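A.B. asks: Just the structure for this:
(chains A and B)
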Amino acid sequence: MNEQFRVSQKLGLMFKPGDNIPKDIRSWALSQLHEKSPAMGIKSVSRVGNSVVTSEVTNWPKHLQPDLRERAKRWRIYRAFNKLARKENKSNAEKQRNRQENQFGEIDALKFSHRNVYGNDQLRVRFLTFWTNHFTMGNIHDNQNVIGHAMDEAILANLNNNFSEMLFKVTSHPAMLIYLDNIWSAGENSKHARWCNIKPDCQAGLNDNLGRELLELHTVSPAANYTEDDIRNSAKVLAGWGTHLEETLKKMREQGKTTNHWDYFKKNYAEPGKKMVMGQKISPGKRGLRQLTDFLANHEHTIKHISTKLCQHFVSDYPEQSDINQIAKAWRDSDGNLDKIHTKVIELAIKSKEPKFQWPMTWIYQVVRLSGASYFHGWDQVYNWYDNGIMRNKEVFEELGQSFWATRQPNGYSSKKEEWLSGEMFERRIRFASAIYMGGETQVSTDKIMDRISANNATRKLVDSVGMNEESRFIALMCSAELMGLENA
Amino acid sequence: MHKLNLTRRDFLKTTGASLFLAGVPIPGYTKDKPPGTISVILLEGGMDGLTAVPPFGDPDLLKMRKIISPKNYLKLNSFFGLHPSFRVLGGLFANNQASVVHATSIPYVKRSHFEGQNMMEGGGLSPFSENSGWLGRALDLANTPGRALSLDMPLVLRGHNENDNFYPASIRNSSKLNTKLIEAISMAHAKESADVYSKISNKSKVDVSNIPRDPASLAKYAGKVMSQDEGPLASVIRIPEFDTHARQGADTGKHADLLGIIDDVIAGYREGLGSAWDRSIILTMTEFGRTVAVNGTTGTEHGYGTAGILAGGTIQKSRIITQWPGLSKNDQFERRDLMATIDYWSVCAACIEKALGLDHELIAKKVFLRPNLPRVFDYIFS
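C.D. replies: Presented below is the predicted three-dimensional model:
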């Protein structure tokens, strides 16, 4: 593969037919860190005879990208209807309408696919993907309404910021506070717990789920040898943060003096007093969380843990310690400046000639982009799409076995190649390559793609060995070791 | 099997359970066919053994966890009860075909899902120390490689490179797999990935297009194929979401629903296995138990000791196998968790011994890498 495509495979999502292919790939890759990132996509696709016609690529409409307040409002409506539906006999059509009008998971998931397929910011989208996986926020308690918001506003919006900013914004985002149960947690000595625990049927106290994962998964990792006390104290710092989105704005004003769901701290749930987490003194009250995340963000163990993950995800399936050390050094030298860290990751990924195996979701976007196929429906079609050739976006994710909107375990998807080497996973690649070819109307021939990317001899030999059937040739190319990121040119 | 109501079905649908089948005897390769089959139900997230099998004889139980303990339970003996979600299991218990191991755990005390799950599947001396899984290594020793039914290859079955996986795909408009094409792709890959591709051609001959994906159906399917003469000897079903930090429920609710899924899975196996039930053993395992005390959000935190559930026709007498440590603060592990007094690896070892006919010493040394692992076989199977 030529250098341009090798780099865009490792760090990006491949160049589409008609894209200008940059001569200086390194400068291009670095400039991508500052590329604008509007959500681009298409309104609809349609089938005219045997052809697939897509509407023009343009910005996603505002009304499908609502702010948190609107999302919370829809959540309240959704939940209220469900409560009513349990008592009254609601028709399936009414239930379906409730889901479609008030839930955002499927819309946000399609937007993510569109970002991957139609965006001009392929490297940013890959970093967005990495961090979204690092900060896993699965769909429980109807969390799907806000996961997409956290991806856009807490992660993507902070890609050029300091890691400590991203960490704080993600940790305090409703999607995380809901997913890891923090919204109900109350300090044992909080006003709320003391009031509640004298009543017979009231239960209030600490929930350490987020406090634990903040240390274990998001920052220092178990290598830091923190104790159960550190976990509990971290949970005490977090107690009071967040709300289930059914809370009325009136109550939010009373309890947290705000109507902003992303900045909501319930004073009467907070644990009074200072806390010690891993030897660091944390102030009481709302400002404690920022102190804690700032402390953790630049902790030596956080630097080591996340530098290793970045290296494993972008640089090599078997990362070299010296590469990890260089990312860690960039982190230390810049106090966690993500631009500097990502720059180092990009430089090392380009420098390293090691192949990097690509996740199923990344691979499918790369196949779609390389071939110019139309394999994702439009935003007008989220709930009314059925086509024999192009599956619904939701179904694609289900069959891939990878989705940010599924009920997931908090440790996210592994970047280790071994976790994905299975007959079934490989079979799905063959099937998806076939489905994309059959249903998506590819724009360029397999031979043309091979010329564009300068496919290596082994790949050309493979494609030629399967005969003249264009579908077989397409599948062979997309499932070759080279295109899966298993081998290099 | 009891009828499921609608909400329950919806719940099952959203639960990402998966099934893995492994250990298909190869004619001419496997000398003596092992005597039985082994099925493992992996309960991810940390199952609350004190709710599944509540020790009502312990005066501290209701003091500490009244709000999450079931009120209607099946009395197993004067000390232990069985959660009402276990309808099928209760019947098996009464018929001497199920047992419980209580106050047990794998030897992992650091309460991380990530590490604990790796250890539960790897079976090594510490998390991430092994690249193969304990069941995979056991199947290797029994010379019975096979395939798994799932999207990914779970660590627990990794071992023999012939092990493979399967999970029914539903990708519209993809052509029927072409064996020649797969062979060509396989040949063009380096060994590691070529091996994976080469398995697909065998698989494409099996028709599994109509298996529903809910846990009970997967178990029934697993039981059915395991009952066949050349069928797999081992299966693994993974049920996620036991991590009930909030609103755990008691007789009903989130944790009760999850226990109901275990019951459905056991019922599915029972039905699918048919007469092969008599040579089967099914066991649950989880990465850790949950705290004795209820937390502030009517849930429980990550703990240590828990319960293991065993079922199958190889059990002769239903028992509760335990050295009960007590629930008072001083009896708890680190003054918060149920103490584990039985190493769950020894329970797994006994099940392997029964199903695959291997010697305990060999299992202890080669599968669990612990030559001194106690043998508890007679407590379970006599």
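
A.B. asks: Look at residue B:264 and give its secondary structure.
C.D. replies: What DSSP: H, G, I helix; E, B strand; the rest coil gives for residue B:264 is helix.

A.B. asks: ok, it to residue B:38 distance?
C.D. replies: 20 Å (CB to CB, to the nearest Å). C-beta coordinates here come from the backbone N, C-alpha and C atoms, glycine included.

A.B. asks: Which residue would be the closest one in the stretch 201-350 of chain A to chain B?
C.D. replies: Of all residues in the stretch 201-350 of chain A, residue A:205 sits closest to chain B, at 2.2 Å by CB to the nearest CB.

A.B. asks: So for that residue, what's the pLDDT?
C.D. replies: We have a pLDDT of 87 for residue A:205.

A.B. asks: what about it, how many residues close to it?
C.D. replies: For residue A:205, the count of nearby residues is 23 (other CB atoms under 10 Å in any protein chain shown).

A.B. asks: likewise residue B:323?
C.D. replies: 11.

A.B. asks: and if you look at residue A:342?
C.D. replies: 26.

A.B. asks: How about residue B:298?
C.D. replies: By the criterion of other CB under 10 Å, residue B:298 has 22 neighbours.

A.B. asks: what's near enough to touch the nearest residue to it once chain neighbours are set aside?
C.D. replies: The spatial neighbour of residue B:298 that comes closest, neighbours along the chain excluded (CB to CB, 6 or more residues apart in numbering or on different chains), is residue A:203 at 4.9 Å. Counting by CB atoms under 8 Å, 6 or more residues apart in numbering or on different chains, residue A:203 touches A:196-197, B:67, B:294, B:296-298.

A.B. asks: for residue B:243, same thing?
C.D. replies: Here residue B:243 is in contact with A:209, B:44-46, B:113 (CB under 8 Å, 6+ apart).

A.B. asks: Recalculate using a threshold of 10 Å.
C.D. replies: Contacts were defined as CB atoms under 10 Å, 6 or more residues apart in numbering or on different chains; by that measure residue B:243 touches A:140, A:180-181, A:209, A:409-410, B:44-47, B:113, B:254, B:258, B:287, B:290, B:299-302.

A.B. asks: try residue A:8
C.D. replies: A:1, A:14-15, A:19, A:21-22, A:25, A:28-29, A:32, A:122-123, A:126, A:366, A:369-370, A:453.

A.B. asks: still on that earlier bit, restricted to helices, list the contacts of residue B:243.
C.D. replies: Among the contacts of residue B:243, the ones falling in helices (DSSP state H) are A:209, B:113, B:254, B:258.

A.B. asks: hang on, isn't residue A:167 packed against residue A:217?
C.D. replies: No. Residue A:167 is beyond contact range of residue A:217, at 11.8 Å (criterion: CB atoms under 10 Å).

A.B. asks: out of these two, which sits in the busier spot?
C.D. replies: Taking other CB under 10 Å, residue A:167 and residue A:217 do not tie; residue A:167 has more neighbours (26 against 22).

A.B. asks: Check the stretch 251-400 of chain A for the residue nearest chain B and tell me.
C.D. replies: residue A:389 (4.8 Å).

A.B. asks: picking that back up, need the overlap of contacts for residue A:167 and residue A:217.
C.D. replies: Taking CB under 10 Å, 6+ apart as the contact rule, residue A:167 and residue A:217 both touch residue A:135.

A.B. asks: looking at it, residue B:339 is touching residue B:305, isn't it?
C.D. replies: Yes. If you go by CB under 10 Å, residue B:339 and residue B:305 touch, sitting 5.4 Å apart.

A.B. asks: Let me see the contact set for residue 326.
C.D. replies: This is for chain A. For residue A:326, the contact set (CB under 10 Å, 6+ apart) comprises A:307, A:311, A:315, A:320, A:344-345, A:347-348, A:351.

A.B. asks: other chain: chain B
C.D. replies: Residues counted as contacts of residue B:326 (CB under 10 Å, 6+ apart) are B:55, B:58-60, B:103, B:332, B:338-339.

A.B. asks: re the thing from before, which one of the contacts of residue A:203 sits closest to residue A:101?
C.D. replies: Checking those against residue A:101 by CB to CB gives residue B:297 as the nearest, at 30.1 Å.
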